[in-house]
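# Quick one: sequence and predicted model below, then my questions.
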Amino acid sequence: MISNGPLAGLRVADFTIHAAGPFCTHVLSQLGAECIKIESRARPDAFRKPHAVYGRLTAATFDQVSANKRSIRLNLKQTEAVAIAKRIVALSDVAAESFRAGVMQRLGLDFAALSAVKPDLIMLSLSSCGQQGPDSHFAGYAPLFGAWGGLGYQSGYSDGPPIEMRHVMDHSTGYHAAVAIMAALLRRRATGSGQYIDLAAREVSSAMIGAALVQAAAGDTPQRPGNGSAQYAPHGVYRTQGDDQWLSLVIQNDAQWRELLDLLSLPADHRLREVDFSEVAGRLQQAAELDQALELLLQSRPADDWATRLQARGIPAYPSVNMQAIAENQHLQQRGSLTRVNELSGGERWAVGAPVRFSQTPAPGVYCTTPDLGEAEDYVYGELLGMSSETRQDLEAREVIY
Amino acid sequence: MSHSSPHHTAEDARPLAGFLVLERSRAPAAAYAGRLLATLGAEVILIEPRSGSVLRNAEPLIVGTNESALFAYLSAGKRSVALDLDDKQDRAQLRHWIERAQLVIDDTPLEERAPSPISEKAVAAVNPGAHFVSVLPFGAYGEQSSWRGEEINLIHASGEGYLLPNGYARALYPDRAPLRIYGPFAHYQAGCVAALSAMAALWSPCDEGQFVDVSVQDSALLCGAFALQRLGDGSLEHREGRSFRYGGVFETRTGFVQLLTLEDRQWHGLVTLLGNPGWSQDPALNDGITRSQRGDEINQQIRLWMSDQDADDIVARAQQLNVPLARYRTPFEVLSGEHEQSRGLFGPTQLQSGQMIPMLIAPYLFAETPLHTGGGVPALGSANVESTP
């Protein structure tokens, strides 16, 4: 049991599947919560099997969102397993699930049933479209949440198609779910009351375009800006020296613009030194010409070099980095944002640790790897529930624990 | 009263009713953290300069009134105190607020924060029990902690920007620059982490206030952690190869749709939706790995079929067949969506211009204690009179 971190002592009965729900409980576990992952050999977690559509032809050797979790097998299609699940929930603070709407009710594990055994339970139901509403039965994954909620439409090149949101859409959903759970826990502490949280992933996608929704509600037509800006110029991602090397750059004011010109060492008669570029209004008006000229100039150095030089002058700039660069990033390693973890196969690799540092109760981050199926059954069935070996063997023989 | 014990008032049963949060923000991450807490019931006070927060002018602006739609979204339900921190009386007002607060959320760059009366040290001197949540582009610690970062920098500093666009947009424009996600997406993830961490600090068994160091880069990186996971698998992801083997973005007669079938049963549903065309009857396609290998061919057939379909019609039919298919909806369509209306996603909120609009409340429903956006968008200094100590 984890004994440190701000959420030490908190226990989550984790029925979540796929990515969004497991990310929520993974984040809570990175802050110290104990997470009991309830799964079954009958329907293994996505990371335990090949995922051909994503191009992965074997089980994963490490799964970020399953790390830190304590795995038990429980075949919820059996009545006895449902009763055991309730006993686990009764010993937990939070129950989290991410099945399609109605599944937990069919299993006899909905909020009414679970709060009967744990009256102050905080329960999260996370789904694509929520537990109620005309589309609540719709099936979906991250790219569909992005499509339904508007984030996919608003993202993309201004003159191109919408773009497909990937797992960041799932994980953003998980972040929001963790926020909701923490708020409910604080209320429980103050009032003793439980809470049922119905989270729709497509509504997280909508929350990410909150400003565009305000525009639409006020009668405007929101634009898809691509990499551009109506406020700053230059504002974009520019090709630099090297193959497929890019720099993100924003000039926020005219003083920064002058710093940029100075850094570029442009001759006095260079077009970008002309007066119509000296103020932001002019630069915005001629953003296309500006971007073209700038991209030519930036190709004289590598992106890393530009970023260091520009940041030294107080200008927001950063290379467009791939994951190799992330893994080698000294700043992230200094912060403990990256952490070495063991794989199921015995190797070591980088994973992402807690995205926050606490001065008094340091978050444990990723402290153990992806669990083997059922590896925590001695702890959960033995220690927590007090089941004898004979009882467990019997339940296994009858595929209740399966 | 302990710093983590709010007053629950009869008139507001929302989860965080009774907590007082001070927010000094210039970027969307800290502001979104405050917005999440405000909607959950906390009293959130914007500590603004007399000239107003820079977020009041942040794009996008509403045509006609020039009011910032982003600020409106981020500040609904908060109150504003406008202070000149060099003024003695205003500093006394600030002290009054700090004495009462359980949380301070601040995104002032380190070099400006340290000498200010809202540094972690200054806050601890006035109220040792208050937690100080620092929200900075690259965090408060580490060799790049003083680096500046706007959204477009931070989405690329997290690795996600490099991977966009993938799929159809990438195929259409292979030579274009990588792309950000719309809006302050990376900042919103950090806003979640800041709100979550602030509440975790309140929850923690700690008598003293904590210093909580949130980084936008870290928050967005954890959000995109699967890409680092794949690096560990030996695969360095690139936007070019990040497409689904089949499925993706398709154009119909009436707009774009998204298709993704991960399970065998969903594939069979798709074949039914397509009308069991001859090409789909090849027995080899019953195998998921073969389908992935022949993804281009499958997508070509689907794209051809889609081009003559009505988006709403096929989405409805697909969902009946359990085929994950969704329409790419515009903000207008989301705003007027029957599903969203029935779930009460939007609540009446007053803009500074006086216009009442439906505004997104929160992407979660609390069954026992419904949420709302509170009193609308605060005018600059609207809480100044009340704040006299």
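Arrived safely, thanks for sending.

# after the least confident helix or strand in chain B by mean pLDDT, next one along is what?
One helix or strand of chain B scores below all others by mean pLDDT, DSSP states H and E: helix B:288-293, with a mean of 90. Sequence-wise, the next helix or strand downstream of helix B:288-293 (DSSP states H and E) is helix B:295-306.

# outside of that next one, which residues touch it?
B:244-248, B:250-252, B:257, B:259, B:270, B:274, B:277, B:279-280, B:285, B:291, B:314 (C-beta atoms under 8 Å, 6 or more residues apart in numbering or on different chains). For the C-beta atoms, the positions are set from N, CA and C on the backbone; glycine is no exception.

# Check whether the following helix or strand past it comes near chain A.
Where DSSP H and E defines the elements, the next helix or strand beyond helix B:295-306 is helix B:311-320. Yes - counting by C-beta under 8 Å from any C-beta of the partner chain, chain A is contacted by helix B:311-320 at residue B:319.

# outside of helix B:311-320, which residues touch it?
Residues contacting helix B:311-320 (C-beta under 8 Å, 6+ apart): A:135, A:137-139, B:252-257, B:259, B:269-270, B:273, B:306, B:324-327.

# again, 6 Å this time
Around helix B:311-320, the neighbours that count as contacts under C-beta atoms under 6 Å, 6 or more residues apart in numbering or on different chains are A:138, B:252, B:254, B:255, B:257, B:273, B:325, B:327.

# among those, which two are most distant?
A:138 and B:254 (18.5 Å; C-beta to C-beta).

# more crowded one of the two?
Each of residue A:138 and residue B:254 has its neighbours counted (other C-beta atoms under 10 Å in any protein chain shown); residue A:138 has more, 26 against 13.

# Report the buried residues of the helix-or-strand element of chain A with minimal mean pLDDT.
Of all helical and strand segments in chain A, the minimum by mean pLDDT, DSSP H and E falls on strand A:338-342, at a mean of 90. Buried residues in strand A:338-342, counted by 16 or more other C-beta atoms under 10 Å in any protein chain shown: A:338, A:339, A:341, A:342.

# cool, stretch A:185-202 as well?
Buried residues in stretch A:185-202, counting neighbours by 16+ other C-beta under 10 Å, are found at A:185-188, A:190-191, A:193-202.

# on that earlier part again, of the contacts of helix B:311-320, grab the buried ones for ChimeraX.
This is the ChimeraX syntax for the buried subset of the contacts of helix B:311-320, where burial follows 16+ other C-beta under 10 Å:
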select /A:138 /B:252,255,257,273,325,327
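
# Backbone dihedrals for residue B:68, please?
phi -70, psi 120 (degrees, to the nearest 10).

# tell me which residues of stretch A:242-250 are tucked away?
A:245, A:246, A:247, A:248, A:249, A:250.

# can I get the residues you listed in a markdown table with secondary structure, pLDDT and distance to residue B:166?
Formatted as a markdown table, the buried residues of stretch A:242-250 follow (DSSP: H, G, I helix; E, B strand; the rest coil; pLDDT from 0 to 100; distance: C-beta to C-beta, whole Å):
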| residue | secondary structure | pLDDT | distance to residue B:166 |
| --- | --- | --- | --- |
| A:245 | coil | 98 | 19 |
| A:246 | strand | 98 | 15 |
| A:247 | strand | 98 | 21 |
| A:248 | strand | 98 | 18 |
| A:249 | strand | 98 | 23 |
| A:250 | strand | 98 | 24 |
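
# Go through those residues and name the one nearest residue A:114.
Closest approach between the buried residues of stretch A:242-250 and residue A:114, by C-beta to C-beta: residue A:248, at 46.2 Å.

# what kind of secondary structure is residue A:22 in?
State at residue A:22, reduced to three classes by DSSP: H, G, I helix; E, B strand; the rest coil: helix.

# so residue A:140 sits right up against residue A:128, yeah?
Yes - with contact defined as C-beta atoms under 6 Å, residue A:140 reaches residue A:128; the gap is 3.6 Å.

# Mind checking which of the contacts of helix B:311-320 are in strands?
B:252, B:255, B:257, B:325, B:327 (DSSP state E).

# Contacting chain B as well, which ones from the buried residues of stretch A:242-250?
Residues of those in contact with chain B (C-beta under 6 Å from any C-beta of the partner chain): A:246, A:248, A:250.

# Name the nearest residue to residue B:170, sequence neighbours excluded.
residue B:239 (5.3 Å; C-beta to C-beta, 6 or more residues apart in numbering or on different chains).

# For the top helix by length along chain B, buried residues please.
When every helix of chain B is counted residue by residue (DSSP state H), the longest turns out to be helix B:185-203. For helix B:185-203, the neighbour count (16+ other C-beta under 10 Å) marks B:185-203 as buried.

# Report the contact partners of residue A:303.
Residue A:303 neighbours (C-beta under 6 Å, 6+ apart): A:240, A:245, A:247, A:319.

# so, if you compare those residues, which one comes nearest to chain B?
Chain B lies nearest to residue A:319 out of those, by C-beta to the nearest C-beta, at 7.0 Å.

# how deep is that closest one tucked in, by neighbour count?
With neighbours defined by other C-beta under 10 Å, the count for residue A:319 comes to 24.

# pLDDT at residue 83, what is it?
As the question left the chain open, I've gone with chain A. For residue A:83, the pLDDT comes out at 98.

# hmm, I had chain B in mind actually
Value listed for residue B:83 in the pLDDT field: 97.

# Am I right that residue A:382 is in a helix?
Yes - under three-state DSSP, residue A:382 falls within a helix.

# Distance of the residue nearest to it when sequence neighbours are not counted relative to residue B:282?
Nearest residue to residue A:382 in three dimensions, chain neighbours excluded: residue A:392, at 7.6 Å (C-beta to C-beta, 6+ apart). In this view, residue A:392 and residue B:282 are 47 Å apart by C-beta to C-beta, to the nearest Å.

# what's the answer for residue B:45, then?
Here residue B:45 is placed at a distance of 65 Å from residue B:282 (C-beta to C-beta).

# before we move on, back to that, when residue A:140 and residue A:128 are compared, which one has more neighbours?
A direct count of neighbours by other C-beta under 10 Å for residue A:140 and residue A:128 places residue A:128 higher, at 28 against 23.

# Report the contact partners of the more buried one.
For residue A:128, the contact set (C-beta under 6 Å, 6+ apart) comprises A:138, A:140, A:201.

# Might you report the residue contacts of residue 230?
No chain specified, so I'll use chain A. residue B:59.

# not quite, I wanted chain B
By C-beta under 6 Å, 6+ apart, residue B:230 lies in contact with residue B:237.

# where does residue A:57 land on pLDDT?
For residue A:57, the model assigns a pLDDT of 77.

# I meant to write residue A:265 there.
At residue A:265, the model reports a pLDDT of 94.

# how close does it sit to chain B?
22 Å (C-beta to the nearest C-beta, to the nearest Å).

# how much space is there between that residue and residue A:309?
In terms of C-beta to C-beta, residue A:265 sits 11 Å off from residue A:309.

# do residue B:291 as well
Separation of residue B:291 from residue A:309 (C-beta to C-beta): 49 Å.

# neighbour-wise, which of these two wins?
Set side by side, residue B:291 and residue A:309 show more neighbours around residue B:291, with 20 against 13, by other C-beta under 10 Å.

# Skipping its backbone neighbours, what lies nearest the more buried one in space?
Sequence neighbours aside, residue B:285 is the residue nearest to residue B:291 in space, at 5.5 Å (criterion: C-beta to C-beta, 6+ apart).

# coming back round to it: following element in sequence after the longest helix of chain B, please.
In N-to-C order, the element after helix B:185-203 by DSSP H and E is strand B:211-215.

# What about residue 100, how many residues nearby?
Reading this off chain A. Neighbours of residue A:100 using other C-beta under 10 Å come to 17.

# not quite, I wanted chain B
13.

# list the contacts for the residue nearest in space to the middle of chain A?
The centroid of chain A falls nearest to residue A:171 when counting by C-alpha atoms, centre = their mean (2.3 Å). Contacts for residue A:171 (C-beta under 6 Å, 6+ apart) come out as A:23, B:223.
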